[in-house]
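Undergrad: with the sequence up front, the predicted model follows.
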Amino acid sequence: MRIQTLGLLLTVFLAGARFAGADADDITTAPELVTDRPDQTESSVTIPPGFVQWESGWTYTEEDEDDVETETHEFPGALLRVGVIERLELRLGWDGYVWEETCEPDEEGVEQSDEVEGGADASVGFKLFLWEESGLLPETALIGSVTVPVGREGISSERWDPAFRFCHAHTLSEVVSIGWNWGLAWESGLDEEEEDRHTLAVFQYTASVAISLGDRWGMFLEAFGDVPLAGDGGPRHSLDGGFTFLVRDNLQLDAAGGFGLSEDADDWFVGV
């Protein structure tokens with residue numbers, strides 16, 4: 001699962017271009033800013049036709065498993081969202097440039113390090129708004145995507161991996177709302193001997209509580225994870241939380257961080 005925690009978010013609406021389904025009067029004022037970060041729960045809101053929204057950030061993660069410590073940086077973790085027609089947006093993503101350092105002791109107990117860096121894979125997809133909230137029925141959207149294997153060898157999955165998820169949201173009060181996602185993703189990688197490449201199906205889930213702290217500040221608490229449907233890997237369950245600050249109507253900054261709950265999850269992740 002892509003982790004976009006504790007990042008810097010710059011979200012900009014560009015109203016100079018007109019897209020299919022957009023009238024001139026529709027693009028004179030930016031709509032309410034709703035982002036798909038910094039949590040892992042994607043919103044059920046789509047970008048209106050005639051607008052473009054850019055979301056990006058820097059991420060640092062650390063994992064220590066079987067005396068092997070891995071530190072990873074990713075930037076800019078970008079997502080470009082384009083309103084095409086009413087209820088439908090186009091999504092173009094790129095994890096960005098990756099710096100990864102792995103340290104492990106050799107047979108004599110001396111630390112040995114290995115570094116890998118380069119561009120990561122991209123993704124292309126859509127978000128389709130399905131229905132509005134009504135009573136116990138949550139607001140719902142569908143996201144579909146596929147990775148584009150343009151990354152550097154050793155970082156890229158080298159395959160076109162599809163994914164889909166349903167995004168739900170429910171308003172509890174003027175201050176508190178909840179959102180949750182569920183879906184499937186197919187992840188490609190090398191086997192334990194790093195000889196053969198395989199693709200596994202993974203069930204993904206998220207559950208987030210968002211709390212308004214005034215006109216400009218907000219916070220969230222979230223649980224999320226991946227559960228492989230086959231193979232030897234274990235589930236990856238994590239908790240995170242963070243804050244958002246609305247600088248202006250079309251510009252938001254955010255920060256978040258968290259930690260893993262299961263053995264196969266990242267130990268912790270932060271950024272700035």
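TA: Arrived safely. What you see is a predicted model; the values in this text were computed from it and never measured.
Undergrad: ok, now how distant is Ala120 from Glu74?
TA: 7 Å (C-beta to C-beta, to the nearest Å). Yep, even glycine has a C-beta here, placed from its N, CA and C like the rest.
Undergrad: shared neighbours of these two, anything?
TA: Residues touching both Ala120 and Glu74 by C-beta atoms under 8 Å, 6 or more residues apart in numbering: Asp95, Gly96, Tyr97, Val98.
Undergrad: filter those to the buried ones?
TA: Buried members of the shared contacts of Ala120 and Glu74, scored by 16 or more other C-beta atoms under 10 Å, are Asp95, Gly96, Tyr97, Val98.
Undergrad: number of nearby residues for the closest residue in space to the first one that isn't next to it in sequence?
TA: Of all residues not flanking Asp95 in the chain, Ala120 sits nearest, at 3.7 Å (C-beta to C-beta, 6 or more residues apart in numbering). Residues near Ala120, counting by other C-beta atoms under 10 Å, number 21.
Undergrad: phi, psi for Ala120 please.
TA: Note on Ala120: backbone dihedrals following degrees, to the nearest 10 are phi -100, psi 180.
Undergrad: thought Ile155 was touching it, still the case?
TA: Yes: taking C-beta atoms under 8 Å as the definition, Ala120 is a contact partner of Ile155 at 5.5 Å.
Undergrad: okay, and the common contacts of those two?
TA: In contact with both Ala120 and Ile155: Val98, using C-beta under 8 Å, 6+ apart.
Undergrad: give me the low-pLDDT residue ranges for the protein?
TA: Scanning the chain for pLDDT under 70 picks out the ranges 1-28, 190-196.
Undergrad: buried sites along stretch 238-254?
TA: Applying a neighbour-count criterion of 16+ other C-beta under 10 Å, one finds Ser238, Asp240, Gly241, Gly242, Phe243, Thr244, Leu246, Asn250, Gln252, Leu253, Asp254 buried in stretch 238-254.
Undergrad: run a quick neighbour tally on the spatially closest residue to the fourth one that is not a sequence neighbour.
TA: Taking C-beta to C-beta, 6+ apart, and ignoring the residues beside it in sequence, Gly242 has Ala256 as its nearest neighbour in space, at 2.4 Å. Burial measure for Ala256: 27 neighbouring residues, criterion other C-beta under 10 Å.
Undergrad: what sits against Ser208?
TA: Ser208 touches Asp39, Gln40, Thr41, Ile178, Gly179, Trp180, Phe220, Leu221, Glu222, Phe224, counting by C-beta under 8 Å, 6+ apart.
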